[in-house]
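Colleague: I would like to see how this sequence folds:
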Amino acid sequence: MITLNENPLISVITPTFNSAPYIQSTIQSVKNQTYTNWEMVVVDDCSEDNTREILEQEAAADPRIKLHWLKENSGAAVARNTALREARADFIAFLDADDQWLPEKLAKQLKYMQDNDLAFTYTQYSIMDQNGQDTGKVVEIPQSIDYHGLLKNTIIGFLTVMVNREKTGEIQMPNIRTRQDFALELAILKRGITAYGLQETLSRYRVVKGSISSNKIKTAKRNWQVYRKIEKLGLAYSMWCFVNYAYHAVKKRI
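Modeller: Here you go, the predicted model:
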């Protein structure tokens, strides 16, 4: 384990909805962390499968796993915002219910943030298929990115993000059904904060067939809506950002 000057609590934010096929492996990847002072705040968005049963079993076995249940299906933004309100830590990390972390993810990223006094960081991540098999693809990242850079290149994998709320101020996602993660990243960077990339592969992103994020045309449309409706960018600048986004999105997948 990496030796740290401090041992701060890290809150892991995880929304779930019909996540039974994957949630156990996701939780296990958190339990496997070499850094052990964490809480995993899981908010279930009215799952209709046996996600709740799995979560209750996991929470009974590990008190660091904190469960909350939405009363009606409300979407990932509401689930994440609920988790953020319940989270006790300044250090916040995000992990969706079908993704995974490598064992040293929290330890290395926390040390990187503490050593460099950073508010917002992200890392490289690898791509696995629906069955959890590595595809051999690793998403490389820039050393840093600011608000205008992220508008043109949505390179930050949300499963890799860690922020320090003491430095960023309180954070909350806009209540939109998709791309609320991108909108939150922009909202933080818009405060004059720069995000810094740790050049190590510490997370595994699962590509699930039929998921919202796997539909690139829908994702592109949602990005456009973020430009125009959330960020309220002018038409010309929105088009410029969109062209750059599309170029980087294709480049990332080659």
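Colleague: Which parts of the longest helix along the chain count as buried, going by neighbours?
Modeller: Identified as the longest helix of the chain according to DSSP state H is helix 235-253. Within helix 235-253, the residues scored as buried using 16 or more other CB atoms under 10 Å are Ser238, Cys241, Phe242, Tyr245, Ala249. Where you see a C-beta, it was placed from the backbone N, CA and C, and this is true even at glycine.
Colleague: got those residues as TSV, with pLDDT columns?
Modeller: Putting those into TSV (pLDDT from 0 to 100) gives the following:
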residue	pLDDT
Ser238	94
Cys241	92
Phe242	93
Tyr245	91
Ala249	83
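Colleague: and of these, the nearest to Glu170?
Modeller: Distance to Glu170 across the buried residues of helix 235-253 (CB to CB) is lowest for Cys241, with 26.4 Å.
Colleague: give the contact list for the residue nearest to that closest one when sequence neighbours are not counted.
Modeller: Take Cys241 and drop its neighbours on the chain: the residue closest to it by CB to CB, 6 or more residues apart in numbering is Leu151, 4.4 Å away. The neighbours of Leu151, taking CB atoms under 8 Å, 6 or more residues apart in numbering as the test, are Leu186, Tyr227, Glu231, Leu233, Cys241, Asn244, Tyr245.
Colleague: so how far is Lys221 from the fifth one?
Modeller: Spatial separation of Cys241 from Lys221 under the definition CB to CB, to the nearest Å is 14 Å.
Colleague: Ok, the last one next?
Modeller: Between Tyr245 and Lys221 the computed distance is 12 Å (CB to CB).
Colleague: what does the second one give?
Modeller: To Lys221, Tyr227 is 11 Å away according to CB to CB.
Colleague: Who has more neighbours out of these two?
Modeller: Taking neighbours as other CB atoms under 10 Å, Tyr227 and Lys221 compare with Tyr227 leading, 22 against 12.
Colleague: Am I right that the more buried one is in a helix?
Modeller: Yes - assigned with DSSP: H, G, I helix; E, B strand; the rest coil, Tyr227 falls within a helix.
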